[in-house]
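# Sequence and predicted model, in that order:
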Amino acid sequence: MNKETFLEELRGCLEVLEDQEQQDILEEYAQHIDIKIQNGQSEEDAIRDFGPLKELAAEILEAYHVKPEFGEGRGRKGLPGIGSVNLKAGEKKLRGFGTALRNGLAAAGNGIGRAFRSVGRAGKRFFCWIASPFRKRREAGEGRQDGAAEIPEINRTERAEAGKAAPYGFLKKLGHGIGSLICWFLRLCWNIFWLFFALCTGCFALAALFGFGMMLILLFQEYPLGGATLVCLGCFLAGGSMAGICMSLIRRKEQKKEADKGPGKEPAEGQAGVSSGAGAELETKEAPEESEPENDGDREPEEEWQEVQK
Amino acid sequence: MNPQFKKGVLELIVLECVRRKDRYGYELVEEVSKVIDVNEGTIYPLLKRLTNEHYFETYLRESSEGPPRKYYHLTAAGILYRDSLEAEWEEFQQQVSRFLEEGRTYE
């Protein structure tokens, strides 16, 4: 028998002891064998001096008041060391599996909770979204401070939630998907309504413009149509600004890049929102702002919505 | 030598060896072997038992010839136990000797 085999078999007999104790005992025997080898003995001789292994194991276990049959019983099985090792490995695997299962269930539960929370958040966002046009008109006059304060808060909470949700990405995405689908649909309705309204008022404004032009010509032909001219002008400006507002209320697809331009554009829009009477300024301000979105696909009317969403 | 004799006094001899000087396993086996011929396998279990019963303390000391060695040291309880064992041995030995002495007169 060689040293390794001896130590393995001995360890097998001592399975009942704590790992630290086993280690202790085996180390001492290993050292003893090593010193004897150093002094010239062969491995075989060194181990033979220990006597029969089972008796040795029984005596060791005596020190711990363990029943002697214990050591013997293990020794009788063909290769006790290996059997016990497999048993331990199997136990560990089972325990690991149990832990993994528990963790999985906990994660699933958490994920479902997060999915529901995402849907709730989507609903909350929807209400913010509906309310925002009104909020925008109110706040426009007060300036950007409130908006700016809101946004970092919302960003922080969203980011924190995103960070926490990282391990449960899939379920969160699912909740998000449902939420965004609902949002998209509602946004579509909203957009269609305001588009239609904008078209009507736009047509009205165009008609008024035409009438204004006519009146102006007739005025120069010294018809007493000063009042009518002014009326047409007023109608045109009112219709135009109404159409502009309706267009601005339309929510298009978000793009994060546009958010950067938000702070710059918002004040302009805010002022535009307030001075509904100042048609000319509105026209010039709204028109370029509105024509650009056609190209970029997303603009400062979107900003507050984007920032709220973010 | 009769193994039963050896087993009886082995504890006493081991305790006495360690009382004289802190020793590690191999060294102790050598010392005890000078007194009585003993199976090395039985020394280590005995050391383990005496340590578990707090008659010995162990500590590691670095060695130049390999890994650190575990040294055994007699505790106060160990000293008392050794003394009681020696007293028992004295009494036992005297009784047996006296009995054998008496036997000689029976020739």
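Sure thing, it's come through.
# for the helix or strand hosting A:F236, which positions count as buried?
Under the criterion DSSP states H and E, the helix or strand holding A:F236 is helix A:226-249. Within helix A:226-249, the residues that count as buried by 16 or more other C-beta atoms under 10 Å in any protein chain shown are A:228-229, A:232-233, A:235-249. Quick note: C-beta positions are derived from backbone N, CA and C, even for glycine.
# How about stretch B:17-25?
Of all the residues in stretch B:17-25, those buried under the rule 16+ other C-beta under 10 Å are B:C17, B:V18, B:D22, B:R23, B:Y24, B:G25.
# among the residues you listed, which are in strands?
Mapping those onto strands (DSSP state E) picks out B:R23, B:Y24.
# Throw the buried residues of stretch B:17-25 into a markdown table and include distance to chain A and pLDDT, thanks.
A markdown table is the format used below for those (distance: C-beta to the nearest C-beta, whole Å; pLDDT from 0 to 100):
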| residue | distance to chain A | pLDDT |
| --- | --- | --- |
| B:C17 | 16 | 95 |
| B:V18 | 15 | 95 |
| B:D22 | 15 | 95 |
| B:R23 | 13 | 93 |
| B:Y24 | 8 | 92 |
| B:G25 | 5 | 90 |
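# what's the closest of the buried residues of stretch B:17-25 to A:R102?
For these, the residue nearest A:R102 by C-beta to C-beta is B:G25; the value is 45.4 Å.
# thinking that closest one is in contact with B:L46, fair?
No. Under the criterion of C-beta atoms under 8 Å, B:G25 is not in contact with B:L46, lying 10.8 Å apart.
# What is the helix holding A:F236 packed up against?
Helix A:226-249 makes packing contacts with helix A:169-220, helix A:256-274, helix A:279-296, helix A:300-309 when contacts are defined by 3 or more C-beta pairs under 8 Å, 6 or more residues apart in numbering or on different chains; DSSP states H and E.
# low-scoring pLDDT stretches of the chain, where are they?
Assuming you mean chain A. Flagging of chain A using pLDDT under 70 yields the residue ranges A:68-90, A:132-169, A:251-310.
# Wait, chain B was what I had in mind.
Along chain B, segments meeting pLDDT under 70 span B:1, B:107.
# Going along the chain, name the strands of it.
Taking DSSP E as the test, the strands found in chain B are B:23-24, B:56-63, B:66-74.
# Around chain B, which positions in the stretch 51-200 of chain A sit nearby?
Proximity of the stretch 51-200 of chain A to chain B, by C-beta under 8 Å from any C-beta of the partner chain, involves residues A:G51, A:E55, A:L56, A:E59, A:I60, A:E62, A:A63, A:Y64.
# one more time with 10 Å
A:51-53, A:55-65 (C-beta under 10 Å from any C-beta of the partner chain).
# Narrow the residues you listed to those that are buried.
With neighbours counted using 16+ other C-beta under 10 Å, those contain these buried positions: A:L53, A:E55, A:L56, A:A57, A:A58, A:E59, A:I60, A:L61, A:E62, A:A63, A:Y64.
# May I see these arranged in CSV, with distance to A:C128 and secondary structure as well?
Converted to CSV, these look like this (distance: C-beta to C-beta, whole Å; DSSP: H, G, I helix; E, B strand; the rest coil):
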residue, distance to A:C128, secondary structure
A:L53, 78, helix
A:E55, 82, helix
A:L56, 79, helix
A:A57, 75, helix
A:A58, 78, helix
A:E59, 79, helix
A:I60, 74, helix
A:L61, 73, helix
A:E62, 78, helix
A:A63, 75, coil
A:Y64, 70, coil
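# The residues you listed: which two are farthest apart?
Pairwise distances across these peak at 17.4 Å for A:L53 and A:Y64 (criterion: C-beta to C-beta).
# If I take the helix ranked longest in chain B and strand B:66-74, what angle do their directions form?
Ranked by residue count, the top helix of chain B under DSSP state H comes out as helix B:76-104. Between helix B:76-104 and strand B:66-74, the angle comes out at 70 degrees (axes from the mean of the first three to the mean of the last three C-alpha atoms, to 10 degrees).
# Say whether chain A is contacted by helix B:76-104.
No. In terms of C-beta under 10 Å from any C-beta, no part of helix B:76-104 sits within range of chain A; the closest distance is 14.9 Å.
# May I have the helix holding A:F236 as CSV, with CA atoms only?
Coordinates of each C-alpha in helix A:226-249 appear next as CSV, following Å, rounded to 0.1, in the frame of the first residue of the first chain:
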residue,chain,number,x,y,z
GLY,A,226,-61.8,98.4,-42.7
GLY,A,227,-63.6,96.5,-40.0
ALA,A,228,-64.1,93.4,-42.0
THR,A,229,-60.5,93.4,-42.9
LEU,A,230,-59.5,93.5,-39.3
VAL,A,231,-62.0,90.7,-38.5
CYS,A,232,-60.5,88.5,-41.2
LEU,A,233,-57.0,89.2,-40.0
GLY,A,234,-58.0,88.3,-36.5
CYS,A,235,-59.7,85.1,-37.5
PHE,A,236,-56.7,84.1,-39.5
LEU,A,237,-54.4,84.7,-36.6
ALA,A,238,-56.7,82.9,-34.2
GLY,A,239,-57.1,79.9,-36.4
GLY,A,240,-53.4,79.7,-37.2
SER,A,241,-52.5,79.8,-33.5
MET,A,242,-55.1,77.2,-32.7
ALA,A,243,-53.8,74.9,-35.4
GLY,A,244,-50.3,75.5,-34.1
ILE,A,245,-51.3,74.5,-30.6
CYS,A,246,-53.0,71.4,-31.8
MET,A,247,-50.0,70.3,-33.8
SER,A,248,-47.8,70.9,-30.8
LEU,A,249,-50.0,68.6,-28.7
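# Can you tell me which of the strands of chain B is most buried?
Of all these, strand B:23-24 carries the top mean neighbour count, a mean of 20, counting by mean count of other C-beta atoms under 10 Å in any protein chain shown.
# Check which helices and strands it sits against.
Contact here means 3 or more C-beta pairs under 10 Å, 6 or more residues apart in numbering or on different chains; DSSP states H and E; on that basis strand B:23-24 packs against helix A:19-38, helix B:25-35, strand B:56-63, strand B:66-74.
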